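Structure of the sequence below:
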Amino acid sequence: MIQSSKKASLKGIITIPGDKSISHRSIMFGAMAKGKTTVDGFLLGDDCLSTISCFQKLGVKIDVNGNQVSIESDGIKNWNEPQDILNTGNSGTTTRLLLGILAASPIYAVMIGDDSIAKRPMKRVIDPLRQMGAQILGRSGGQYTPLAVQGTTLQGITYQMPVASAQVKSAILLAGLNSEGTTIVTELEPTRDHTERMMRQFGVQVETIDGDIHLRGGQQLVSTHIDVPGDISSAAFFLVAGAITDNSDIMLKNVGLNPTRTGIIDVLSQMGANLKVEESITNGEEPFGNIRIKSSELKGIEIGGELIPRLIDELPIIALLATQASGTTVIRDAAELKVKETDRITAVVNELKKLGANIEATDDGMIIKGPIQLNGGTVTSYGDHRIGMMGAIASLIASEPVEIDDPSCISVSYPNFFEHLKNVKTT
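Numbers count the residues shown, from 1 in each chain. Presented below is the predicted three-dimensional model:
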């Protein structure tokens, strides 16, 4: 349990750790390609380490030296059939994307995750993969882990996404990459496009035509070098911290600015935050830059529609942000929060209410009224890294100390979070 107390201000520079989504994919693509792929800026969080472990069990040589990773592979057709179960830990990205990869591979494998993964819906991925010819078995007809995959030859499909999910889209595209024919995916709303961008970095032709993603199967991946920018989902916690804490001025360096992920910047701007994106540099396929945030006078807004997929992971910390904004903030169209690491609608509302927030849950989001002085108390993380970090940031403005019951879960995405927080605190 960690206890934090209110501080007068936050000042300093933080280099945000590597993007979790891109780090996962760098291992996956490097393992599928023949040759040696190198990665700089890799996130050494628990989720990404689970991805490394799974591919090592498939016979892929992966060396980690700090945040530099090298992957040497003979290609997907030459992987070893694993003698042990592939454990994806707490990582939904590893579980769902690996399903798409294994389904079109020549091997048999069994996958399992932690208690949280065992509750997360997998049918949304397995249904389209089965339409492609995948052979997958699991609990409740493939709804939940453990899952057994017998790799086989798949056929490309045309698929209309029923939910806005980058993980589902990516699983289909990764299966389509190693399938016969062309795979076409139509999204409800644009979701993060790291998979498509990384495909191009590895020499794959993938096109978006009138909103439909077209991918021809059977293309060969060419090993390459990947620079991983900082994770904007991790940066979001310090962006909010800087905006809601008095006399603060924080520079966040090396933050990924992929337009499918910058919803948090749009929300802060609409709420009136004193924020500036100081530069934007193209880093391979992924843009990145530095963001400066200062203490801000905020106003409540409505958040919904096509903006939601661009900030779905940031909604817990946005809810905290809204407690310090004048007026009412409405978050809608975010029912997907219910099937994250925990039911994040219930978790966010319960924990912020404990601290005195004026917040109510709705079927697809929440309503927050502010500004309000938060009290101290104990925040339950539910083993969810984003709820844990939300509680830590709340402690900066609470009138009494805030305790987090299980801070260890934060290492999933931000292993040095508390070190960075300590470095920018001033009393």
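
Distance across stretch 149-165, terminal residue to terminal residue?
Taking Cα to Cα, to the nearest Å as the measure, stretch 149-165 stretches 22 Å from start to finish.

Distance of Val185 relative to Thr93?
Using Cβ to Cβ, to the nearest Å, we find Val185 at a distance of 17 Å from Thr93. Where you see a C-beta, it was placed from the backbone N, CA and C, and this is true even at glycine.

Leu268 now?
For Leu268, the distance to Thr93 (Cβ to Cβ) stands at 25 Å.

Is Asp115 in a helix, a strand, or coil?
coil (DSSP: H, G, I helix; E, B strand; the rest coil).

ok, it - contacts?
Asp115 makes contact with Gly383, according to Cβ atoms under 8 Å, 6 or more residues apart in numbering.

Leu97: which element?
Take DSSP states H and E as the rule and Leu97 turns out to sit in helix 92-103.

I'd like the next helix or strand past that helix.
In the C-terminal direction, the helix or strand that comes right after helix 92-103 (DSSP H and E) is strand 108-112.

Run me through the strand neighbours of that following strand, direction for each.
Strand 108-112 sits in its sheet next to strand 86-87 (parallel), strand 144-150 (antiparallel), going by DSSP bridges.

and these as a markdown table, adding mean neighbour count?
Conversion of the strands paired with strand 108-112 to a markdown table gives the following (neighbours: other Cβ atoms under 10 Å):
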| stretch | mean neighbour count |
| --- | --- |
| strand 86-87 | 22 |
| strand 144-150 | 19 |
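
which stretch among the ones you listed comes nearest Ser280?
Set against Ser280 and scored by Cβ to Cβ, the strands paired with strand 108-112 come closest in strand 86-87, at 37.7 Å.

ok, residues contacting that closest one?
Contact partners of strand 86-87, identified using Cβ under 8 Å, 6+ apart, comprise Ser50, Ser53, Cys54, Lys57, Leu58, Leu98, Ala109, Val110, Met111, Ile112, Gly113.

can you put the strands paired with strand 108-112 in CSV and add distance to Ala134?
Conversion of those to CSV gives the following (distance: least, Cβ to Cβ, whole Å):
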stretch, distance to Ala134
strand 86-87, 16
strand 144-150, 7
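
what's the closest of the ones you listed to Ala241?
Distances from Ala241 to each of those were compared using Cβ to Cβ; the shortest belongs to strand 86-87, at 33.6 Å.

mind listing what the nearest residue in space to Pro371 that is not next to it in sequence touches?
Residue nearest to Pro371 in three dimensions, not counting chain neighbours: Gln324, with 5.0 Å by Cβ to Cβ, 6 or more residues apart in numbering. The neighbourhood of Gln324, defined by Cβ under 8 Å, 6+ apart, consists of Ala243, Ile244, Leu298, Gly370, Pro371, Ile372, Ile397.

how about 6 Å then?
Shown here is Gln324, whose contacts under the criterion Cβ atoms under 6 Å, 6 or more residues apart in numbering are Ile244, Leu298, Gly370, Pro371.

Could you do Ser326 as well?
With Cβ under 6 Å, 6+ apart, Ser326 has these contacts: Lys299, Pro371.

Check the gap between it and Gly370 for me.
When distances are taken as Cβ to Cβ, Ser326 and Gly370 turn out to be 7 Å apart.

cool, and Ile303?
To Gly370, Ile303 is 14 Å away according to Cβ to Cβ.
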